[in-house]
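In: got a structure for you, letters missing:
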Ligand SMILES: Nc1nc2c(ncn2[C@@H]2O[C@H](COP(=O)(O)OP(=O)(O)OP(=O)(O)O)[C@@H](O)[C@H]2O)c(=O)[nH]1
Ligand SMILES: [Mg+2]
């Protein structure tokens with residue numbers, strides 16, 4: 001395919017040591033050569049591919065030096081977009097990169113839309129749609145695990161699986177075709193029935209397996225939203241600090257220290273957590289604290305996991321009991337903290353309240369019990385549901401929706417066979433399943449969807 005030549009700043013806006021302006025398209029070398037003056041008058045178009053060159057960007061109108069640069073020259077097809085690509089490394093700083101970009105735009109390049117470089121990689125057949133989406137996930141990954149999932153997807157792990165399933169469906173369709181073309185053979189019908197059920201069952205199971213990973217996939221990508229709650233002064237902020245191994249939250253002996261929700265990302269034994277420390281929940285006259293308490297109640301509702309902290313050296317109060325009520329039915333780990341002090345809490349009552357939850361005891365001051373807590377978090381996450389370490393995770397909402405639809409259509413096909421529905425009706429359901437799976441990797445997707453998907457990317461990617 002032939003496209004015009006696009007340009008964009010590919011590094012984040014702001015000050016940095018270097019910033020990169022990227023050009024992609026047939027004219028990339030020509031346009032760059034209009035502006036670039038290398039040592040000894042060297043032209044980029046004569047340079048060997050995948051080499052880097054020192055020189056200056058000259059404004060052709062004034063003849064003045066606009067910027068001192070290093071230019072990477074990469075000829076297609078072994079580039080990100082499969083097109084000719086030029087990357088101009090400028091000094092970091094808004095003025096300098098913008099100046100270079102402006103000159104490129106004045107000399108034949110067009111400003112790229114968000115995601116247009118990746119879109120070209122897709123349109124030029126270097127990657128499929130799920131791989132392109134993985135590029136975006138990779139940029140947004142907040143945890144190591146999320147990064148690995150995205151990398152796996154970018155390498156095409158999910159694509160291969162989907163292709164395999166589509167191949168299976170094609171084979172089923174071939175049998176159906178035989179049945180339609182040669183209905184006069186009696187045994188054909190029986191055989192088709194058998195093969196159809198067997199293969200469809202396999203495809204269905206595989207889709208279900210993928211869908212089961214989707215919850216974990218989402219968590220791996222965004223982190224398990226984990227909220228630390230409890231009365232003031234029980235040690236919530238101390239808990240956040242000990243889980244992230246850093247003093248991120250202010251800890252004092254004054255009840256009501258934390259006023260706003262504090263957010264930190266941390267990896268606990270392979271489980272990515274988005275950890276939220278909240279203001280201690282209590283009735284209060286202090287207006288700032290009251291807003292904080294209200295926020296605590298709100299984040300509570302959206303949590304995947306609750307760490308409910310109690311004070312061993314204090315009696316249980318009505319507020320503690322209320323917090324238990326508020327988290328009923330959620331995944332909760334109850335933490336009885338300050339074990340180093342004298343007991344005042346009624347442990348029998350705590351155990352009763354924690355019947356459906358995990359219970360650990362800690363002394364955060366003495367750094368005791370944190371291991372047990374980490375263990376409890378990891379086992380909650382990995383218990384039963386998650387399988388081998390490097391399996392393929394589905395984490396993208398668009399993929400999940402398509403897989404769900406594919407599951408429905410294959411179900412309908414199977415029900416049709418069971419009920420003796422005419423085979424050409426079954427064929428329609430099977431074909432639809434094949435198409436839906438194709439949409440995941442970008443076969444048979446509508447152009448407007450492609451535009452919309454890529455527009456979610458950042459500029460210059
Ligand atoms: N003795 C003892 N003190 C602790 C322990 N954990 C925390 N503390 C102390 O308890 C006080 C309160 O700790 P924070 O972590 O600020 O408590 P919090 O729950 O965040 O309090 P608010 O933000 O006010 O709701 C501090 O003085 C901590 O040093 C513990 O295990 N033992
Ligand atoms: Mg606090």
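Out: Received, thanks. Predicted model only: the values in this text are computed from it and were never measured. Ligands and ions are numbered 1, 2, ... in the order given.
In: spatially nearest residue to residue 400 (excluding sequence neighbours)?
Out: The shortest distance from residue 400 to any residue other than its chain neighbours is 4.8 Å, reached at residue 214 (C-beta to C-beta, 6 or more residues apart in numbering). Every C-beta, even on glycine, is put in place using the N, C-alpha and C of the backbone.
In: the one you found is in contact with residue 394, isn't it?
Out: Yes: the pair residue 214 and residue 394 qualifies as a contact (C-beta atoms under 8 Å) at a distance of 4.6 Å.
In: shared neighbours, the two?
Out: Both residue 214 and residue 394 are contacted by 400, 403, under the criterion C-beta atoms under 8 Å, 6 or more residues apart in numbering.
In: more neighbours, those two?
Out: residue 394 (27 against 18; other C-beta atoms under 10 Å).
In: residues touching the more buried one, list them.
Out: Counted by C-beta under 8 Å, 6+ apart, residue 394 has contacts 158, 210-211, 213-214, 217, 400, 403.
In: which pair of these spans the longest distance?
Out: Maximum pairwise distance among the contacts of residue 394 (C-beta to C-beta): 12.6 Å, between 158 and 211.
In: those two: which is more packed in?
Out: Between residue 158 and residue 211, residue 158 has the larger neighbour count (other C-beta under 10 Å), namely 27 against 17.
In: pretty sure that one is in a strand, no?
Out: No: checked against DSSP: H, G, I helix; E, B strand; the rest coil, residue 158 lies outside a strand; its state is helix.
In: list the buried residues of the lengthiest strand in the chain.
Out: When the chain is parsed with DSSP state E, its longest strand is strand 65-74. Neighbour-count burial for strand 65-74, counted by 16 or more other C-beta atoms under 10 Å, picks out 66-67, 69, 71-74.
In: in the sheet, which strands lie alongside the helix or strand just after that strand, parallel or antiparallel?
Out: Using DSSP states H and E, the helix or strand that follows strand 65-74 in sequence is strand 85-91. Strand pairing for strand 85-91, using DSSP bridges, gives strand 18-24 (antiparallel), strand 65-74 (antiparallel).
In: now the ones you listed as CSV including mean pLDDT?
Out: Formatted as CSV, the strands paired with strand 85-91 follow (pLDDT from 0 to 100):
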stretch, mean pLDDT
strand 18-24, 93
strand 65-74, 95
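In: for ligand 2, which of these is the nearest?
Out: strand 18-24 (39.6 Å; C-beta to the ion).
In: which other residues reach that closest one?
Out: 5-11, 31-32, 79-81, 83-93, 96-97, 100-101, 104, 109, 112, 117, 120, 460.
In: gap between stretch 118-134 and the chain center?
Out: Mean-position distance between stretch 118-134 and its chain equals 17 Å (C-alpha atoms, centre = their mean, to the nearest Å).
In: all helices for the stretch 151-300 of the chain, in order.
Out: When assigned using DSSP state H, counting those that start in this stretch, the helices of the stretch 151-300 of the chain occupy the ranges 157-181, 186-222, 236-244, 287-301.
In: can you tell me which of those helices is most buried?
Out: helix 236-244 (a mean of 23; mean count of other C-beta atoms under 10 Å).
In: ok now that one, how far from the chain's centre?
Out: Between the centre of helix 236-244 and the centre of its host chain there is 26 Å, according to C-alpha atoms, centre = their mean.
In: what's the angle between it and helix 287-301?
Out: Helix 236-244 runs at 50 degrees relative to helix 287-301, counting by axes from the mean of the first three to the mean of the last three C-alpha atoms, to 10 degrees.
In: hang on, the earlier thing: turn the contacts of residue 394 into JSON lines, columns for distance to ligand 2.
Out: As requested, those are exported to JSON lines (distance: C-beta to the ion, whole Å):
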{"residue": "158", "distance to ligand 2": "41"}
{"residue": "210", "distance to ligand 2": "41"}
{"residue": "211", "distance to ligand 2": "39"}
{"residue": "213", "distance to ligand 2": "36"}
{"residue": "214", "distance to ligand 2": "34"}
{"residue": "217", "distance to ligand 2": "32"}
{"residue": "400", "distance to ligand 2": "36"}
{"residue": "403", "distance to ligand 2": "42"}
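In: before we move on, the earlier item: tell me which of the strands paired with strand 85-91 lies nearest to residue 287.
Out: The nearest among those, by C-beta to C-beta, is strand 18-24 at 44.7 Å.
In: quick one: whichever helix or strand comes after that closest one to strand 18-24, angle?
Out: Using DSSP H and E, the helix or strand that directly follows strand 18-24 along the chain is helix 28-35. Taking the same axes, to 10 degrees, one finds helix 28-35 and strand 18-24 inclined to each other by 130 degrees.
In: give me the residues contacting the helix or strand that comes right after helix 28-35.
Out: With elements assigned by DSSP H and E, the helix or strand that comes after helix 28-35 is strand 36-38. Residues outside strand 36-38 that contact it (C-beta under 8 Å, 6+ apart) are 44, 53-58, 69, 71.
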